[in-house]
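In: Need the 3D shape of this:
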Amino acid sequence: MNIRSISISGYTYPLPENKIAHYPLPQRDASKLLICQKEKITEDIYRNIDNYLPPDSLLVFNNTRVIEARLLFQKQSGGTIEIFCLEPGDQYADTSTGMLQQGKVQWKCLIGGASNWKAGQVLQKNIPVDNGIIMLEAKYITKQNDCFIIELQWAPLHLSFAEVLHHAGIIPLPPYIKRAAEPTDKERYQTVYALQDGSVAAPTAGLHFTNEVFEKLKNKNIQTSFVTLHVGAGTFKPVKAATLQQHEMHAEFIDVTKETILQLIQFTDSTYAVGTTSARTLESLYWMGVKTIIEPAINIDQLSLSQWEVYDQLQQHAFPVKTALQSLLTWMEKNNLQKLLSKTQILIAPGYVFKMIKGLVTNFHQPQSTLLLLIAALTNNWKSIYTYALENDFRFLSYGDGCLIFTD
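Out: Residues are numbered from 1 along each chain as shown. This is a model prediction of the structure:
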């Protein structure tokens, strides 16, 4: 199959407004869980997910943390400017570096009311905190193709950008949740294991997991591991082009430790991903490993994956998963790296052959989205899964229910 020629019109389904969850359930692990294996569909709740995963397997989570990415500024004229912080400027090596900046930072942003904000004009905002006031300024630097470069400056200078956002920003709920963010969203639009600041959207499959569920997994000897992929606003970007050829996939930062790669080497036949972001990270690791086999002296910038690279250049190389991951580990050791910091733009669509995972835990995704395309690549039964969910009162999208899909 030529993935470029895939028509997005074939990957849609009717999604009534009343099927979209606008609030989470009171108990995270009480959300419904659809299980699909060998074309058989059953259902349960997340609290019992351990009953459906094989013992002695590995479950991989994305431990990114959603940042309070929406900043509202009031102009002297009375108008409101909204700054939506997407990702750090190109001068920073990765998201973590940008989040740790003190006193000043440049960020790629979307702007609400941009026509009313001129280049060079400074917006100001005072944020009351327990022990004083944070004085925050935003300066319009320049416009790029799909975003603006904004310089943010604040006092006290010792505060990190992550701390400033925590006090000054608003949790960026997805656009299909048609309500303002509420105080409870700061906790509920965040996984219980969230650690690394940087996402503007939650890795929503993980929202259903609780400490009780982790304990049950442990008792069944199901190992857990964590990667980091900072989810960008592009995750909500619908495919508007008629075919994938004209769609530009969003690139996202990944952060994976040597210890995690060692774990993956031990579980090459029994790894399961929690969320499409974890799946994209794991598949990207395989292809980055392939690149280190092809070119052992490759540098970190060349290691990042572009949208079509797998299909155009890499898939002709059929290396076993262990071989690719071991090569990536060897490359990291040669370069004195304890963790891998890179970017992936990989587009996974029908025709793609998964290398790393035997199954996926995921929510139900929007019609004509790249997330739905990933599900369709994983299973030919995606239409049956979504039809069953619609007919059996499953709740859809970020705060909704989810499913466990096996690859065989």
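In: For the stretch 1-150 of the chain, which segments count as helices?
Out: Taking DSSP state H, counting those that start in this stretch, the helices of the stretch 1-150 of the chain run over residues 95-99.
In: For stretch 2-10, list every residue counted as buried.
Out: By 16 or more other C-beta atoms under 10 Å, the buried positions in stretch 2-10 come out as 3-4, 6, 8. For glycine as for every other residue, the C-beta is placed from the backbone atoms N, C-alpha and C.
In: start to end distance for it?
Out: With C-alpha to C-alpha, to the nearest Å applied, stretch 2-10 spans 15 Å between its terminal residues.
In: quick one on the thing from earlier: pick the one among the buried residues of stretch 2-10 closest to residue 358.
Out: When the buried residues of stretch 2-10 are ranked by distance to residue 358 (C-beta to C-beta), residue 3 comes first, at 22.3 Å.
In: correct me, but the closest one touches residue 349?
Out: Yes: if you go by C-beta atoms under 8 Å, residue 3 and residue 349 touch, sitting 5.1 Å apart.
In: Need the overlap of contacts for those two.
Out: residue 244 (C-beta atoms under 8 Å, 6 or more residues apart in numbering).
In: Surely residue 48 touches residue 33?
Out: Yes: counting by C-beta under 8 Å, residue 48 does reach residue 33; the two are 7.5 Å apart.
In: Those two: which is more packed in?
Out: Neighbours per residue, other C-beta atoms under 10 Å: of residue 48 and residue 33, the larger number sits with residue 33, 22 against 13.
In: what mean pLDDT does the helix or strand harbouring residue 217 have?
Out: Here residue 217 sits within helix 211-219, counting by DSSP states H and E. The average of the pLDDT scores along helix 211-219 is 98.
In: Could you check the angle whichever helix or strand comes after that helix makes with helix 211-219?
Out: Using DSSP H and E, the helix or strand that follows helix 211-219 towards the C-terminus is strand 223-229. Angle of strand 223-229 versus helix 211-219, following axes from the mean of the first three to the mean of the last three C-alpha atoms, to 10 degrees, is 120 degrees.
In: low-scoring stretches of the stretch 1-150 of the chain, by residue?
Out: Within the stretch 1-150 of the chain, the stretches with pLDDT under 70 are 1.
In: show me where it has strands.
Out: For the stretch 1-150 of the chain, the strands defined by DSSP state E, counting those that start in this stretch cover 32-37, 40-45, 58-62, 64-66, 70-74, 80-88, 104-112, 122-129, 132-143, 148-155.
In: For these, could you give me CSV that also reports distance to residue 338?
Out: Formatted as CSV, the strands of the stretch 1-150 of the chain follow (distance: least, C-beta to C-beta, whole Å):
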stretch, distance to residue 338
strand 32-37, 36
strand 40-45, 38
strand 58-62, 19
strand 64-66, 19
strand 70-74, 33
strand 80-88, 21
strand 104-112, 25
strand 122-129, 34
strand 132-143, 33
strand 148-155, 30
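In: so how far is residue 381 from the most centrally placed residue in the chain?
Out: The chain has residue 231 as the residue nearest its centroid, 3.2 Å off, counting by C-alpha atoms, centre = their mean. Noted for residue 231: a distance of 26 Å to residue 381, by C-beta to C-beta, to the nearest Å.
In: any idea how the chain splits into domains?
Out: 3-65+189-406, 69-170 (automatic domain parsing).
In: Quick one: closest of those domains to residue 181.
Out: Using C-beta to C-beta, the domains of the chain put domain 69-170 closest to residue 181, at 5.3 Å.
In: what about that closest one, start to end distance?
Out: So domain 69-170: terminal residues 6 Å apart, C-alpha to C-alpha.
In: Show me which residues of the lengthiest helix in the chain are buried.
Out: The helix that spans the most residues within the chain, counting by DSSP state H, is helix 276-294. Buried residues in helix 276-294, counted by 16+ other C-beta under 10 Å: 276-293.
In: Now do that helix and strand 223-229, the angle between them.
Out: Relative orientation of helix 276-294 versus strand 223-229 (the same axes, to 10 degrees): 80 degrees.
In: For helix 276-294, what is the distance to the chain centroid?
Out: Counting by C-alpha atoms, centre = their mean, to the nearest Å, helix 276-294 is centred 15 Å from the centre of its parent chain.
In: And for stretch 298-317?
Out: For stretch 298-317 - counting by C-alpha atoms, centre = their mean - the centre lies 20 Å from the chain centre.
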